[in-house]
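Trainee: return atomic coordinates for the entry below.
(one chain, ligands or ions: 3)
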Amino acid sequence: MQLDAEDISALIVLCRAEIDRHGEHLGLLDSAIGDGDHGTNMRRGLNAVFTERETIAALPLPAALERIGLVLVMSIGGAAGPLYGTLLMELGRGLAPDANAAAFVATLEQAIAAVARRGRAGPGDKTLLDVLYPVQAAMLERSAPERIADCALSAARSTEAMQARRGRAAFLGARSVGHEDPGASSCALLAATICGYFAE
Ligand code: ADP
Ligand code: MG
Ligand code: MG
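Mentor: Ligands and ions are numbered 1, 2, ... in the order given. Sure, this is the predicted structure:
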């Protein structure tokens, strides 16, 4: 994973724009099965990272990821903040500065496991993990970026059929079925944006 300052900065700009563009939709998804704030939470998070992007981009990739995670924990709030924060902080902490693609995917697996522990969640619980697992699996198979992006977006859509077992949506029980999970949706948008950058 040879990402220089320009790449890190560009990815931050793109991710922030994507979340901004879909903020309202993420809010609507969360209104259906939660408290409606996922769009504002994510916009706040990405805006905070955007504000710090020059300092972050100057860091080596592992330290940059760890810093992004910390900023996300402090700014997103809600349930999603600590989960996205754990993902990025664990990824940054576990990544060697000269890690190749295979090492990156292995570290990502560990970071996703940390998110699962933190949320006490697993596959099929209708959370952002239902996007993270298939994305990591597709990366492990060395799928093309376009393919991984499609996989992320379809994984988010597939949460519609699931019944939530974690987070606020779990209180709805069977009534949570029929709605896409907001965290899965934001996660897929971010994954697809990152893939789009590498596809160019
Ligand atoms: P809150 O629910 O506190 O308002 P957000 O709306 O920002 O926080 O985030 C909700 C999203 O967080 C959910 O859609 C789901 O994807 C994710 N989530 C919530 N609780 C958990 C959990 N225990 N484990 C994994 N993901 C979770
Ligand atoms: Mg919410
Ligand atoms: Mg909330």
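
Trainee: from now on I want contacts and neighbour counts done on CA atoms only, so please keep to that.
Mentor: OK.

Trainee: buried stuff in the helix or strand harbouring Gly183?
Mentor: Assessed by DSSP states H and E, Gly183 sits inside helix 182-199. Within helix 182-199, the residues that count as buried by 16 or more other Cα atoms under 10 Å are 182-196.

Trainee: can you dump the C-alpha atoms of that helix in PDB for me?
Mentor: What follows is helix 182-199, C-alpha atoms only, in PDB (Å, rounded to 0.1, in the frame of the first residue of the first chain):
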ATOM      1  CA  PRO A 182     -27.700   3.300   7.700                       C
ATOM      2  CA  GLY A 183     -24.300   2.300   9.000                       C
ATOM      3  CA  ALA A 184     -23.900  -0.400   6.300                       C
ATOM      4  CA  SER A 185     -24.900   2.200   3.700                       C
ATOM      5  CA  SER A 186     -22.300   4.800   4.800                       C
ATOM      6  CA  CYS A 187     -19.700   2.100   5.000                       C
ATOM      7  CA  ALA A 188     -20.500   1.000   1.500                       C
ATOM      8  CA  LEU A 189     -20.400   4.600   0.100                       C
ATOM      9  CA  LEU A 190     -16.900   5.100   1.700                       C
ATOM     10  CA  ALA A 191     -15.600   1.700   0.500                       C
ATOM     11  CA  ALA A 192     -16.900   2.400  -3.000                       C
ATOM     12  CA  THR A 193     -15.300   5.800  -3.000                       C
ATOM     13  CA  ILE A 194     -11.900   4.500  -2.000                       C
ATOM     14  CA  CYS A 195     -12.200   1.700  -4.600                       C
ATOM     15  CA  GLY A 196     -13.100   4.300  -7.200                       C
ATOM     16  CA  TYR A 197      -9.900   6.200  -6.500                       C
ATOM     17  CA  PHE A 198      -7.800   3.000  -7.000                       C
ATOM     18  CA  ALA A 199      -9.700   2.100 -10.100                       C
END
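
Trainee: which residues sit in contact with Ala144?
Mentor: By Cα atoms under 8 Å, 6 or more residues apart in numbering, the contact set of Ala144 is Ala199.

Trainee: and ligand 2, is the lengthiest helix in the chain touching that?
Mentor: Ordering each helix of the chain by length in residues (DSSP state H) puts helix 5-33 first. No: counting by Cα under 5 Å from the ion, ligand 2 has no neighbours in helix 5-33; the shortest distance is 5.6 Å.

Trainee: now for whichever helix or strand comes after that helix, which elements pack on it?
Mentor: For helix 5-33, the succeeding helix or strand toward the C-terminus, using DSSP H and E, is helix 38-51. Judged by 3 or more Cα pairs under 8 Å, 6 or more residues apart in numbering; DSSP states H and E, the packing partners of helix 38-51 are helix 5-33, helix 61-76, helix 182-199.
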